Structure formats: C-alpha cells, structure tokens
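In: Got a predicted structure here, sequence first:
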Amino acid sequence: MTPDAFAKAALALPGATHQVQWGDEQVYKVGGKMFAVTDAAASRVSLKVSDIAFEALIETGRARSAPYLARARWVQFEDLAALDADEVADWLRSAHALVAAKLTRKARRELGVEDAPPQGELRRRR
C-alpha cells in the first residue's frame with residue numbers, strides 16, 4: 001500500500017482526523033483518540049487491533065508489538081509498501097471501529113460513527 005492510499009483510506013473513515021505529533025509522526029484519530037500512526041515517510045505503520053488479531057499477528061511474525069502501545073494491543077508493521085492494500089484498509093476500518101466503540105454515545109453520534117455500544121456496555125446492561 002502506498003502512503004497516499006493509506007492516508008486516503010484512513011481519512012475516509014467517519015470522523016477521522018489527521019495530526020502531526022511527536023516531531024513528524026502522522027497520527028490518525030477518531031474523537032481525539034488514535035487508531036493509526038505512521039512515521040513521516042509512512043513506511044512504518046502502527047495500528048490498534050483486537051486481542052485475537054494482536055496474538056495472531058505477533059505469533060506469526062507478520063507484525064511486532066508497537067513500541068509504547070503494546071499493552072493497549074497495538075501492532076507495528078515495518079514496511080507499509082509490502083502490505084496488501086485491501087488488507088491494510090480492513091485493518092484501518094477495524095482499528096477505527098475499536099477506538100470509536102470506546103467513545104461516548106454522544107461523541108459517536110456527533111462524529112457520524114455507527115451507534116454501536118462501547119466495549120463492555122453490553123455486559124453492564126444485563
């Protein structure tokens with residue numbers, strides 16, 4: 001996937017924004033919370049993933065734990081150009097959904113994000 005295609009796919013998601021932080025890191029957010037980060041050249045990419053995806057990607061060696069973000073289940077891919085564009089787009093949608101699900105219902109509504117309950121909310125309703 002090219003850096004331009006990555007940026008376009010990330011910013012096409014509902015409520016997604018882009019910011020340059022920590023010097024030259026390209027940070028993609030929803031509701032002010034990060035869901036993807038690339039280096040300045042967009043060659044290395046870090047994404048929020050599910051617990052299962054985290055374990056699978058790490059165990060198979062496709063990705064490594066993202067520095068400073070591993071405990072929050074983020075992975076890092078060293079070479080964006082070597083990754084399949086459709087697969088990266090799916091990971092971006094998943095990362096966006098995981099982060100957006102933790103926003104308040106009001107914030108999700110304002111951002112135009114699907115009104116899915118935040119993680120854990122289903123358990124509290126029972």
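Out: Yep, it's here.
In: CA only for contacts and neighbour counts going forward, please
Out: Fine.
In: you'd agree Gln81 is in a helix?
Out: I think there's a mix-up here, since residue 81 is Ala and not Gln. Yes: checked against DSSP: H, G, I helix; E, B strand; the rest coil, Ala81 lies within a helix.
In: Check the burial of it by counting its neighbours.
Out: Other residues within reach of Ala81, judged by other CA atoms under 10 Å, total 15.
In: does it really touch Ser43, like I thought?
Out: Yes: contact between Ala81 and Ser43 holds when scored by CA atoms under 8 Å: they sit 6.7 Å apart.
In: is it true that Ile35 lies in a strand?
Out: For residue 35 the amino acid is Phe, not Ile. Yes: according to three-state DSSP, Phe35 belongs to a strand.
In: That one reaches His18, doesn't it?
Out: No: Phe35 is beyond contact range of His18, at 10.5 Å (criterion: CA under 8 Å).
In: Could you name every residue contacting both of the two?
Out: Contact criterion CA atoms under 8 Å, 6 or more residues apart in numbering; residues shared by Phe35 and His18: 27-29.
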